[in-house]
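K.L.:
coords please:
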Amino acid sequence: MTFEGIGGSGKSSAIGRAEQWLSGGGIGVVRTREPGGTPLGERLRPLLTEKSEGHVPLHRTEAFLFEADRAQTFDEVILPALREGHVVLSDRGEYGTVAYQGYGRDLPIDLIDRMTAFATLQRRPDLALVFDLPVEVAMARRHRTPTTDRFDHERLAFQERARQGYLFAARRDGVRARVVNASRAADEVFDEVKYHIVDVLRSCNYQSQMTEQLL
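P.N.:
Residues are numbered from 1 along each chain as shown. Purely as a prediction, here's the structure:
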């Protein structure tokens, strides 16, 4: 399961609550993030997210590095966790590359799709939660909690393109994706998150007795 959305959407707070909620219900959970889910990813993360004069990667380099991080995370974290029967929660996933490098940087979506399929061995998440809200609201939230992530410091037009990229990724994915109105209070948002997670776990017949006890 991936938690997707622009900076300030509340996805990181929601994934933390989801991890505690599922673990408290007896569900085995593995939490990861993009970039940075592995030791290699932690080395790539500052190259991708931190502002550094004279060291900003080319747009296509950026895309390759995100896919490299994704491939490593799939082999080292996600696939082993799934084999053990755990639920995997990822703070961002493939939608982020469509949103930021595709819509934001204007790289070809079909190329990004092929790169992602190769990186993930064509495995897809069972659920992609897209936390959507107006860009202005997200930016106001980020101002209350300053960040060094250079994507969060991009101009308003870039942030809006990224938001539209997330919505595009959700639309074309059908029932796999659920768009969550992230403008609401955190508790209200999380109630919806729980509903979607339980719905997907039921559809996957995942430990049915534990799943029914979650709500």
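
K.L.:
which residues touch the residue nearest the centre of the chain?
P.N.:
Geometric centre of the chain, nearest residue: Arg92, 1.6 Å, by Cα atoms, centre = their mean. By Cβ atoms under 8 Å, 6 or more residues apart in numbering, Arg92 lies in contact with 2-4, 11, 33-34. Every residue, glycine included, has its C-beta placed from N, CA and C.

K.L.:
mind redoing it with 10 Å?
P.N.:
Taking Cβ atoms under 10 Å, 6 or more residues apart in numbering, we find Arg92 in contact with 2-5, 11-12, 15, 32-37, 66, 70, 99-100.

K.L.:
Give me the buried entries from the residues you listed.
P.N.:
2-5, 11, 15, 32-37, 66, 70, 99-100 (16 or more other Cβ atoms under 10 Å).

K.L.:
Going by distance to Leu58, which of those wins?
P.N.:
Taking Cβ to Cβ as the measure, Phe66 is the one of the buried ones among the contacts of Arg92 closest to Leu58, at 12.8 Å.

K.L.:
Helix or strand next in line after the host helix or strand of the closest one, which one?
P.N.:
Here Phe66 sits within helix 59-73, counting by DSSP states H and E. Toward the C-terminus, helix 59-73 is succeeded by helix 79-83 as the next helix or strand (DSSP H and E).

K.L.:
so when I look at Ser90, I'm seeing a strand, right?
P.N.:
Yes: judged by DSSP: H, G, I helix; E, B strand; the rest coil, Ser90 forms part of a strand.

K.L.:
Tell me how many other residues surround it.
P.N.:
If you count neighbours by other Cβ atoms under 10 Å, Ser90 ends up with 24.

K.L.:
Can you give me the distance of it to Leu111?
P.N.:
Distance, Ser90 to Leu111, by Cβ to Cβ, to the nearest Å: 22 Å.

K.L.:
Give me the contact list for stretch 34-44.
P.N.:
Outside stretch 34-44, the residues that touch it by Cβ under 10 Å, 6+ apart are 2, 4, 30-33, 45-49, 65-66, 68-78, 88, 90-94, 96-97.

K.L.:
for it, what is the average pLDDT?
P.N.:
Mean per-residue pLDDT for stretch 34-44: 97.

K.L.:
Distance from it to the middle of the chain?
P.N.:
14 Å (Cα atoms, centre = their mean, to the nearest Å).

K.L.:
i'd like the first residue to be 718 from this point on
P.N.:
Done: numbering now begins at 718, and the last item shifts to stretch 751-761.

K.L.:
end to end, how far does that stretch reach?
P.N.:
By Cα to Cα, to the nearest Å, the extent of stretch 751-761 from end to end equals 10 Å.

K.L.:
Same check on stretch 749-761?
P.N.:
Taking Cα to Cα, the first and last residues of stretch 749-761 lie 15 Å apart.

K.L.:
Give me the neighbour count for His860.
P.N.:
A count of nearby residues for His860, using other Cβ under 10 Å, gives 11.
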